[in-house]
Each structure stands twice: as C-alpha cells, then as structure tokens.
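> Return a 3D structure for these sequence lines:
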Amino acid sequence: MDERPDNSEQLMDILLVMDQEKKTIQAVSGVKDGELQTKNPLEDNNDLLRVDRHGDMFSNFFSNLWNQLKDPTRFHFFRVPEEDVQRVAADFQQTVQNPTPEGQARMAQYEVQHPAQAQQQGEQQAQPAAGQQQQPQYKYDVNKIDWNSLANLGIKREQIEQNGMLDQMLRGFQTDKTVRVYFNLDSISHANDSQLSLREAPDGRVVVCSHGILDPQKLQQQFFGHTFTKEDSDAIKTAGNMGRIVELTNRAGEKVPSLVSRNQKTNELASFPADKVRIPAEKNGHTFTPDEVARLKKGEAVVCKFQTKAKEGQKPKTYEAPVQFNAAKMQLELLFNDRAKLAMDAHKELQKQTANQEVPKTFRKQELTDKSQTELAGGGTVKVSGLKDKNGKPYQGYITWQPGQKNPAFMFPKDYKTALEEGRVKPAVENEVQVAVNSEGKTNEATKSLKEALQSAQTRPTGEQKEQQDRKQEQKEGKKEDKKQEQEQDKPKPRQRKTPRL
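Predicted structure coming up:
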C-alpha cells in the first residue's frame, strides 16, 4: 500500500534575518517600537512570524514590516521553509562567520529583497537586456530531473512539491521527511521509507538519491577509507556520533579530517569536515568557554549548564545537559533520552578519573611550596626535610607525584640515589618551607622563632607576627619568673643558731 505523507496541513515559511552589525542569524518574531524582535532559530519557538508558503500577500506583509523598522538597511532577510529552518540557519551562521562563495550563493537563494530593490528589479526584468540570463534560484535545475524514473519509484512531483521535500532537494539538502519508495528489479520488488536528495552525475544529469532506513545493528565496517574500531562502532550505534575526528578519503582521493554521525531516522552515516565546524558563542543561556569550544570541535560531548525560558514574573531555571556536534545535521545538538544518559554517565566517570589530578599541597603535615608543587606537576622530584616518625625522631626523604595519585610517592635517600643513577627520577629541589634564611644563607634571628611559613623574600616579621612574637616572649619570660619565685618559696629556710645565755 502506498503510504504517503498527509498534505492537508498548511505549509509555512519562517523569516530569518542577518544583522550586519552583530554578524548573527536570528528568526523574526515581530517589531516593537521600531526595533526588530528576534528569537534563536536553533531552538523550538512557537512565537515566530510565519507566512503562508503559497500565499500571495507576502509582498504587502514584508513591505509593512520593513516600513516599521527604524534602521532596516542594517538587516538582510531570508524566507526559509519552516521544516528546514534550523538546518538552514546553522548553515547561514557558518557562512557569516566563515564566508565562502558557495555559502553566499546558498544564502542568496533564500534572500528577500527590500521593497525598493524588488520594484527596481521587477522593472528591469520586464525589459531584460539582450543575452542576460536570470539568476538560478536553486543549486539544481528542476528541469534536469528525470521525473519518469522517479515515477517508477512511486514518487510523483506533486507529492514532494506540496510537502516541501522538493524545495529541500533543489537547495542541495537531504530531506527531513521520508517517502515510500518502490523498487522493481526483474522479478524482485522491494519497498521502504527513504529520505531523498539530489546529485549531479558526470554527464550533467540530476540524479535522485534514495536514503533508505537501515538496520542500526548492521553498521558498515568501512566508511570512505576509514575502518571503524569497536569503540567507533559502539559510539555510532548508541550515541549517534563517533565523538572524535577521523581521516576520510573523499571521491577526489583527498584526505579530509572529519566528524562522523548517524542519521537518527535512516541510520545512514554522514560526515562533516572538521575545519568547517562552527560552534556558536552562546546557546540557551550558556556561554561556551574556549576549552568547551575546542572539545566540541573535536566531536566530543560536553555537559554544560543551560537555562530554561523564563516565564513572566519568574526566573529561568538552570539545568545540566550534554551537547555535541552532529555531522548529519551539520550543527550543534542537545542530546536527549538514552543518548543524554550515555553522555552524562561518561561525564561523571571522567570526573571520578580526574578527581586526583590536582597536585597535593601538603605531605605528611608539611606544607609544600608553590615551587615544590610546580616541580611535582612537571614530573620532578622534591626533597622534604624536618619530617618526624611516630617516636618524634626526625628524618628526610624525596617525593614524586603523577596525575591520578592521591598522595606523593616517598623515597628514602638511599632509594633516591639509586633511582637517580638509573634515570628514573629527576634531580630533586628542596622544599624550603620550615626555615627562613637571609641572603647569606644564615638563620635570620628576626624570623627564626616564627612557626608559620614566611612569604616569598620575607626577611622580617610583619607587624602582626611581631606582636604575636613579643606576646609569646613576654608569656615565656613571665612563666620563668613565676617558676623562679615558686622555687624560692619552696626552698627550706636556714635554721638560726641560738645564742647561749651568759
């Protein structure tokens, strides 16, 4: 049975706008006090301006909108099918940030001319110059499509025109919707739901490509010269994105570092050049850090804190969610359901693994200086003195540290000497924290009684330290005096010799 999409729903277009000053692509939601009101087109919005795709009142509508703006010349407007607005907006934003002739040509296909320019062009088209050809509207010429061959597959032109699929195909995109396709090869017949796209053959013909729904468990083992590892296959099957950059070989034999994703509807693999990945500065209230941008460009899933849309009189709520670049969609996407759970679990596991990545600040109750911490972080060795065992006996030794270790590894001098001779450790630096010395290497009398560590280059106690030092000295001297008096009182008094009476 021929299952065709329901075409009874009215088809609408969205109006995108490029702000020449801000270099951004937004969706138009209205005009207020002469200022253009916009929304993020990459989010689901119900309050965007929508226009009937087949209506004949768009010119009047756009002229009214244009005349309400205080400074309309700073904007470029684009009319885009509603079902394709997120993909087109992402493509436009990449072109704005990294202009290319191909990208600018795609934008020109959708651009809406301002009323005066449209009127002028209409007058010029009424009397075209000799030999002048009209600028093509699409990437592909609709007249070059073999409609009879397409009809043999059970697809009629009217069908894909009315549901918006043909418009996407002519613009060079793969359709979001699927259509029932029938194949008859001799005595074998087959039918499946497929997405469609167009491709120009070497002889100039425009060929229709069918992207049928594949079994996600039967993933191909090679893709443009890259052989998938088990980790690659598992990531594509479960998360939909490989999560790393791999080198693919294109049809011209060129090596292209790319990201690979799985189309969530058809399970077909798609690639996107890594050097063309563009990450927006902000998404859903979250501003991406340079580290997050770098990781997203590598294809990694990154967990960020986003904000919900604030309702009137309420503050927006913050939530954590993973986000990742999708090669099939050619844009950044929020992950949901099982895909989100996988990314969140991986994020939590990474946090556990990196919990002990910070260099310890102390060792056996002895403070490690900044210099010592830097040395340990670089894989060096630090000598620690003034340590005491359980019996209070002092000892010294050498420590090293590696990321992931909770505590530094300790070596006695004899073990350190052997490790140094064998090249297993670097020459040690002294952890100078307990003793303050002057420039001649002698103990500084002004600071030697201080128990707390001195600041860098400190040779005299601060006012507060001096006050504490004097107070302790007074208490010490007072205790000595009290003890001396007690001892004097405890001494037995000498007996007085009686004088004999005469």
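> Pass me the low-pLDDT residue ranges in the chain, would you?
For the chain, the stretches flagged by pLDDT under 70 are 1-11, 44-46, 52-60, 114-137, 185-186, 353-357, 404, 433-502.
> which residues in the chain form helices?
Secondary structure of the chain (DSSP state H): helices at 58-68, 85-97, 101-110, 115-126, 147-152, 157-162, 165-170, 230-238, 290-297, 337-353, 370-377, 413-421, 463-490.
> I'd like to know which elements the first one is packed against.
Contacts of helix 58-68 with other secondary structure elements, assessed using 3 or more Cβ pairs under 8 Å, 6 or more residues apart in numbering; DSSP states H and E, are made with strand 24-32, strand 50-52, helix 115-126. No exception for glycine: its C-beta is placed from N, CA and C like everyone else's.
> and that helix, how far out from the chain's middle?
Using Cα atoms, centre = their mean, to the nearest Å, the distance from the centre of helix 58-68 to the centre of the chain it belongs to is 39 Å.
> got the CA coordinates for it in CSV?
The C-alpha coordinates for helix 58-68 follow below in CSV (Å, rounded to 0.1, in the frame of the first residue of the first chain):
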residue,chain,number,x,y,z
PHE,A,58,3.8,38.2,1.3
SER,A,59,4.9,41.4,-0.6
ASN,A,60,2.4,43.6,1.3
PHE,A,61,3.3,41.9,4.6
PHE,A,62,7.1,42.4,4.1
SER,A,63,6.6,46.0,3.0
ASN,A,64,4.7,46.8,6.2
LEU,A,65,7.4,45.1,8.3
TRP,A,66,10.2,47.0,6.5
ASN,A,67,8.5,50.4,6.9
GLN,A,68,8.1,49.9,10.7
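> between it and strand 24-32, how big is the angle?
Calculated by axes from the mean of the first three to the mean of the last three Cα atoms, to 10 degrees, helix 58-68 forms an angle of 80 degrees with strand 24-32.
> and Asp85, how many neighbours?
Slight slip there: residue 85 is Val, not Asp. Other residues near Val85 come to 21 when the count uses other Cβ atoms under 10 Å.
> Give the other helices and strands that the longest strand seen in the chain contacts.
Using DSSP state E to assign secondary structure, the strand with the most residues in the chain is strand 188-200. For strand 188-200, the contact count by 3+ Cβ pairs under 8 Å, 6+ apart identifies helix 165-170, strand 179-185, strand 206-212 as packing neighbours.
> Direction included, what does that strand pair up with?
Its sheet considered, strand 188-200 pairs with strand 179-185 (antiparallel), strand 206-212 (antiparallel) by DSSP bridges.
> Redo those as JSON lines? Include distance to Gln373 and mean neighbour count.
Formatted as JSON lines, the strands paired with strand 188-200 follow (distance: least, Cβ to Cβ, whole Å; neighbours: other Cβ atoms under 10 Å):
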{"stretch": "strand 179-185", "distance to Gln373": "64", "mean neighbour count": "15"}
{"stretch": "strand 206-212", "distance to Gln373": "56", "mean neighbour count": "17"}
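> For Glu349, see how far away the closest residue to Gln168 other than its chain neighbours is.
Distance criterion Cβ to Cβ, 6 or more residues apart in numbering; nearest residue to Gln168, sequence neighbours excluded, is Thr175 at 5.0 Å. For Thr175, the distance to Glu349 (Cβ to Cβ, to the nearest Å) stands at 38 Å.
> Which of the two has more residues huddled nearby?
The neighbour count for Thr175 versus Glu349, taken as other Cβ under 10 Å, is higher for Thr175 (22 against 10).
> you'd agree that one is up against Leu196?
Yes. Thr175 is in contact with Leu196 according to Cβ atoms under 8 Å; the separation is 5.1 Å.
> quick one: common contacting residues for the two?
Both Thr175 and Leu196 are in contact with Met165, Met169, where contact means Cβ atoms under 8 Å, 6 or more residues apart in numbering.
> Please parse this structure into its domains.
12-110, 142-212, 222-355, 362-426, 432-471 (the TED database).
> So which bits of stretch 14-23 are buried?
Residues Ile14, Leu15, Leu16, Val17, Met18 are the ones in stretch 14-23 that count as buried (16 or more other Cβ atoms under 10 Å).
> list the contacts for the last one?
To tie it back to what came earlier, the one meant is Met18. Met18 makes contact with Thr24, Ile25, Phe75, His76, Phe77, Phe78, Phe92, Val96, Met107, according to Cβ under 8 Å, 6+ apart.
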